[in-house]
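Asks: okay, here's the prediction I keep looking at, along with the sequence it came from:
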Amino acid sequence: MLEATEEIKDKFREQAHEMSRPFCYMDYITVPLDEDGNAVCPKCGTDDLMRELEGVGVEYGYDWIMEHIVKEEGTAIDADEMYADLLDECYEPFKMGDLEYSPSQVLKDVDPTAYRIGKQDYLDSLVEDGQLVCLDGTYYQLDL
C-alpha cells in the first residue's frame, strides 16, 4: 500500500492516467478515446475498462501503476542510515575517557525500542511532510 500525502497521490494518479491506456480485457484490445474523451470498447460496447501500461501489464484502477512509478522513479532510502545521521547531527558524541561513541549507536544499543520508535516517528513525519513516500514498508525519495 502506498503511503503519501494526498497531493503526491494526486500527482501519481494523474501521471498514471497519462501513461496508461483504456483496455478491454474481454476483447483483449486497447480502446481508443472518442472525440469527447470517453472510452467504450468498439467490439462489446463496455465502458468497464482496465488500464494498460505497455510492457508492464493490465489491471483495474491506478494504484498498481502508481506503485510501479514509485519503484521505477523513486530511490529507496536506507532508513537506519538516515535516522542515524539525524541523531549524530543533533547530538554530541558520547565520550568515556579516551573512547567516543556516536549518539545513534548508543541509543540503538542501550534502548533499541526507543531507537525503533524514534526512527518510525521520524520517517512518518517525512511522509507527512511530502519528503518521502512509503510503499510496502520501503521508503522512497522522489523528485516531484
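Replies: Thanks, I have it. Keep in mind that what you see is a predicted model, and the values were worked out from it rather than measured. Numbers count the residues shown, from 1 in each chain.
Asks: quick one, longest helix in the chain?
Replies: Longest helix of the chain, by residue count under DSSP state H: helix 112-128.
Asks: which SSE is immediately downstream of that one?
Replies: Going down the chain from helix 112-128, the next helix or strand is strand 133-135, by DSSP states H and E.
Asks: tell me the domain ranges of the protein?
Replies: Here the domain parsing of the chain from automatic domain parsing is 2-73, 75-141.
Asks: can I get those in a markdown table with mean neighbour count?
Replies: The way it works is simple: take the backbone N, C-alpha and C, and place the C-beta from them, glycine included. Output for the domains of the chain, formatted as a markdown table (neighbours: other Cβ atoms under 10 Å):
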| stretch | mean neighbour count |
| --- | --- |
| domain 2-73 | 15 |
| domain 75-141 | 14 |
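Asks: make CSV out of the ones you listed and add mean pLDDT.
Replies: As requested, the domains of the chain are exported to CSV (pLDDT from 0 to 100):
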stretch, mean pLDDT
domain 2-73, 93
domain 75-141, 95
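Asks: where exactly do the strands run in the chain?
Replies: With DSSP state E as the criterion, the chain has strands at 2-3, 21-24, 29-30, 50-53, 57-59, 75-76, 94-96, 99-101, 133-135, 138-141.
Asks: show me the contacts for Met19.
Replies: Met19 is in contact with Leu53, Ile65, counting by Cβ atoms under 8 Å, 6 or more residues apart in numbering.
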